[in-house]
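A.B. asks: what follows is a protein structure lacking sequence information:
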């Protein structure tokens, strides 16, 4: 161990001792870690946190890594606490997840019930993305002002229709959340747009120059019918002028509602070129206003689309917001590909490629 690494170990131990002696909470502990990282830029220093639900006690462990070498794990435990290696030594398949009346659902049984989701890559990606976002925020924290946190809480309550204090309390009870956990959840959600801004900063204009046509927009009216033959016949009637598009859309809407399968899509939509399916993208963006496109196979039937307008992209606020999302998704994709991902439950063969 060279002198610089030895000094880093001593500094980390001092840091851990101060956290325990001063009963520092996790948010402040992560903030205090930043100066320590700054003193040792050649090392990767990560903080691990475990908080006991019943008494809110916190145990900290720090991992110190040097590129191409091993990892040093450091922790400090006061006299009456349980050391890090002895925590969670019960068998995982004996862990209880939830008790409903006298029935207990264990973690392994819950995972078996949810195993069907493993074919849904977006769900898996969201789980991995959450870990990657947390890791990035631990490495380079982003803070919220009290006003920003309150605004985020107001948006959350409005979205959940929690207009009264008792509504919020009932929601917290149903979801097993304390006020502190709810505040943490809302804060983490509100920080993600700030992280997106940070990642996209300085790259928006260049990305637009290279991919401007991806953000061309088509404004359309659309509806779906269940049967392909019926959709083709209806398209011919509309093109020949024997059927009016919006009258046909109205009949299709009432017909779907009577069958109990109303379309989730609205009548009007704005589509960016990059969002359009490849099988009809060129046809859609080459169409003149008023022209009919389709039928095109959709989620619940076959879509007929009437083009209202097609406009080339401009770098205004909406386009900037779209580019930020693209850059953020690209960043997450790169991080997922580079990450070491270990699934503890579910079908590993289905999740290992995420």
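C.D. replies: Done, it's in. Just so you know, these numbers come straight off a predicted model, no measurement behind them.
A.B. asks: residue 158 should be in a helix, yeah?
C.D. replies: Yes. Going by DSSP: H, G, I helix; E, B strand; the rest coil, the assignment for residue 158 places it inside a helix.
A.B. asks: residue boundaries of the strands in the stretch 51-200 of the chain?
C.D. replies: Here the stretch 51-200 of the chain has its strands, by DSSP state E, counting those that start in this stretch, at 58-65, 71-75, 96-100, 103-106.
A.B. asks: hmm, who's touching the second one?
C.D. replies: Contact partners of strand 71-75, identified using C-beta atoms under 8 Å, 6 or more residues apart in numbering, comprise 5, 9, 12-13, 16, 59-65, 83-84. C-beta here means a position set from N, CA and C on the backbone, and glycine is covered the same way.
A.B. asks: stretch 64-80: which residues count as buried?
C.D. replies: Judged by neighbour count using 16 or more other C-beta atoms under 10 Å, the buried positions of stretch 64-80 are 64, 66, 72, 74, 75, 76, 77.
A.B. asks: any idea of the pLDDT on the last one?
C.D. replies: Put plainly, it is residue 77. You'll see residue 77 listed with a pLDDT of 78.
A.B. asks: so it sits against residue 59, correct?
C.D. replies: Yes. When contacts are counted by C-beta atoms under 8 Å, residue 77 is listed as touching residue 59 (6.8 Å).
A.B. asks: okay, the residue nearest the centre of the chain: pLDDT?
C.D. replies: With distances taken as C-alpha atoms, centre = their mean, the residue of the chain nearest its centroid is residue 126 (4.7 Å). Per-residue confidence (pLDDT) for residue 126: 80.
A.B. asks: hmm, back to that, which among the contacts of strand 71-75 count as buried?
C.D. replies: The buried subset of the contacts of strand 71-75 - by 16+ other C-beta under 10 Å - is 5, 9, 12, 16, 59, 60, 61, 62, 63, 64, 84.
A.B. asks: which residue is the nearest non-sequential neighbour of the first one?
C.D. replies: Right, residue 5. Nearest residue to residue 5 in three dimensions, chain neighbours excluded: residue 66, at 6.8 Å (C-beta to C-beta, 6 or more residues apart in numbering).
A.B. asks: give me the phi and psi for the one you found.
C.D. replies: Backbone torsions of residue 66, given as degrees, to the nearest 10, read phi -120, psi 130.
A.B. asks: again with the one 10 residues further on
C.D. replies: In this entry, residue 76 is assigned phi and psi values of phi -140, psi 130 (degrees, to the nearest 10).
A.B. asks: that one is in contact with residue 15, isn't it?
C.D. replies: No. Taking contact to mean C-beta under 8 Å, the distance of 9.5 Å between residue 76 and residue 15 leaves them out of contact.
A.B. asks: so which helix or strand takes in the residue lying farthest from the centre of the chain?
C.D. replies: Ranking residues of the chain by C-alpha distance from their mean position (C-alpha atoms, centre = their mean) puts residue 242 at the top, at 47.0 Å. Taking DSSP states H and E as the criterion, residue 242 maps to no regular element, lying outside all helices and strands.
A.B. asks: try residue 271
C.D. replies: Here residue 271 is covered by strand 268-272, with elements defined by DSSP H and E.
A.B. asks: packing partners of that strand?
C.D. replies: Using 3 or more C-beta pairs under 8 Å, 6 or more residues apart in numbering; DSSP states H and E as the contact criterion, the elements in contact with strand 268-272 are strand 217-225.
A.B. asks: what residues does the next helix-or-strand element following the strand it packs on touch?
C.D. replies: In the C-terminal direction, the helix or strand that comes right after strand 217-225 (DSSP H and E) is helix 228-239. Contact partners of helix 228-239, identified using C-beta under 8 Å, 6+ apart, comprise 224-225, 243-245, 248, 292, 294-295, 297, 301-304.
A.B. asks: which member of the buried ones among the contacts of strand 71-75 is positioned nearest residue 172?
C.D. replies: Minimum separation from residue 172 among the buried ones among the contacts of strand 71-75 (C-beta to C-beta) is found for residue 59, which lies at 25.6 Å.
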